[in-house]
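J.: Need a 3D model of the sequence below.
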Amino acid sequence: MNHTFTKQITNRIFIITLYFLLAVGASVQPIIIGTKTYDTNGKKYNRYNNYTIFKKSYDHLKNKQDLYTLYPDEYWDLYKYTPTFSVFFGFFHNLPDWLGLTLWNLLNAFIVLVAIYYLPRLNSEEKGFILLILSIELMTSMQNAQSNGLMAGLFVLSFGLLENKKYFLASLSIVFSIFIKLFGIVGFVLFLFYPKKWKLIAYSLLLSAIFFIIPLIFVNFNQYLTLLQSYFKLLTNDYSSSYGYSVMGWLSSWFGLEINKNIVVFTGIIIFLSPLIKISQYKYFMFRYLTLSSILIWVVIFNHKAESPTFIIAMTGVSLWFIKSRKDYLNITLFVLAILLTSLSPTDLFPKILRENYVIPYTLKAFPCILIWGKIIYDMIVFHTDNIKTTLTQPQKENWKKH
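T.: Coordinates of the predicted model:
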């Protein structure tokens, strides 16, 4: 690697400043540009519509309104998160939008920074390279005021905390992710690798109970049950409405296959879990690390509602995998495809004619991530310490067993 480039990416001040400027830029841009229309009705809304949805959900909860119905006079689209997440957005409620939006995007950027820098057994150069790559997708997510940076950061942070035996905080990270988006529940797979599972389960149950009852501050029990029924009705209806940038979308656009989504997801679960039968490999950091990468990609490519801003989560998995993978022709090719088609295709750096005629219709944004996920599963199935870049020494193995 070029010495100047290496010096820059290992400079934490440079990376932190970059992320700060990206978050501020992603917040200022939609406010300056002004309103836009999201459908054929011609009604104009602000360009940070998702932030408005989150913020207004707190008002609706406090006023005992249905969170999961349309409010066209306030914003476009539907609120699709938990009632608990509405309570969380009470912290932003009284802030002017310019400040609240900036703080929200800074939170998404900050959690990614903290999570990557907290990862064990990666050097400064590796962490800097990952953060530089992720800055593209993070910007896409923040420009849409999405929560996906927060989700990606919580997944990675939970892994780092588990590796460092911070079991309560690890449980908190996973449980909080679930009460943002339900697919955070996949993070519990990481618990398989660590001792004192009873403690992890106890912490998770306690924290889940606390997060679950928080909305009762604003609504009574019957009203809360009605809200939950409305929420799951929304998710059920939403499940049948589209394919998104997912395995289902890829199968449909490439092969014309209209396979039941439940069958595709169930098949994905079986493939995802298949390497985990190798219990003897749990003691190796790289096996656990590959599982984290697999989780981060799986929750996106098997999500029928995956949109472009969602791919900060998948690209986190891709970047983590690549930085520790063998730099052979296949792995480099897959990574370059992910940079070009997944990260750069939604940007102005990518030719618009290619994006509109090929990337979008043929789900090419998801395609490299699907291939890389398959490669990760293969690497885990054939996993052996002789085949990987980083192995544990015997003393490290013994220390792992003790904790």
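J.: what bits of this protein have low per-residue confidence?
T.: Applying pLDDT under 70 to the chain flags the ranges 1-2, 40, 239-241, 384-403.
J.: Quick check: can you list the domain ranges of it?
T.: Listed domain ranges for the chain are 1-240, 242-403 (source: automatic domain parsing).
J.: Can you add mean neighbour count and give these back as a markdown table?
T.: From N, CA and C alone the C-beta is placed, and that goes for glycine too. Below are the domains of the chain laid out as a markdown table (neighbours: other C-beta atoms under 10 Å):
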| stretch | mean neighbour count |
| --- | --- |
| domain 1-240 | 18 |
| domain 242-403 | 18 |
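J.: measure Trp98 to Ser147 for me?
T.: 19 Å (C-beta to C-beta, to the nearest Å).
J.: Ile259 against Met248, yeah?
T.: Yes: under the criterion of C-beta atoms under 8 Å, Ile259 makes contact with Met248 at 7.2 Å.
J.: residues in contact with the residue nearest to Gly187 when sequence neighbours are not counted?
T.: Spatial nearest neighbour of Gly187, chain neighbours left out: Ile174 (4.1 Å); criterion: C-beta to C-beta, 6 or more residues apart in numbering. Residues in contact with Ile174 (C-beta atoms under 8 Å, 6 or more residues apart in numbering) are Leu154, Phe155, Ser158, Gly184, Gly187, Phe188, Leu190, Ser204.
J.: let's see it at 10 Å
T.: Contacts for Ile174 (C-beta atoms under 10 Å, 6 or more residues apart in numbering) come out as 154-155, 157-159, 161-162, 184-191, 200, 203-204, 207-208.
J.: Ok, Ala152 next?
T.: 108, 111-112, 115-116, 134, 137-138, 141, 177, 296, 299-300, 310-317.
J.: if you set the cut-off to 8 Å instead, what comes out?
T.: Applying C-beta under 8 Å, 6+ apart, one finds that Ala152 lies in contact with Val112, Ala115, Leu134, Leu296, Ile312, Ile313, Thr316.
J.: for Leu234, same thing?
T.: Residues in contact with Leu234, defined by C-beta under 8 Å, 6+ apart, are Tyr68, Leu78, Lys80.
J.: quick check, nearest of those residues to Phe92?
T.: When those are ranked by distance to Phe92 (C-beta to C-beta), Lys80 comes first, at 17.9 Å.
J.: Gly42 in helix, strand or coil?
T.: Using DSSP: H, G, I helix; E, B strand; the rest coil, the secondary structure recorded for Gly42 is coil.
J.: next one: Val156
T.: Judged by three-state DSSP, the three-state class of Val156 is helix.
J.: Give me the nearest residue to it, chain neighbours excluded.
T.: Closest to Val156 by C-beta to C-beta, 6+ apart is Ala115, at 3.8 Å.
J.: Assign a three-state SS to that neighbour, would you?
T.: What three-state DSSP gives for Ala115 is helix.
J.: Can you tell me how far it is from Ile301?
T.: Ala115 sits 21 Å away from Ile301 when distances are taken as C-beta to C-beta.
J.: for Leu95, same thing?
T.: Distance, Leu95 to Ile301, by C-beta to C-beta: 35 Å.
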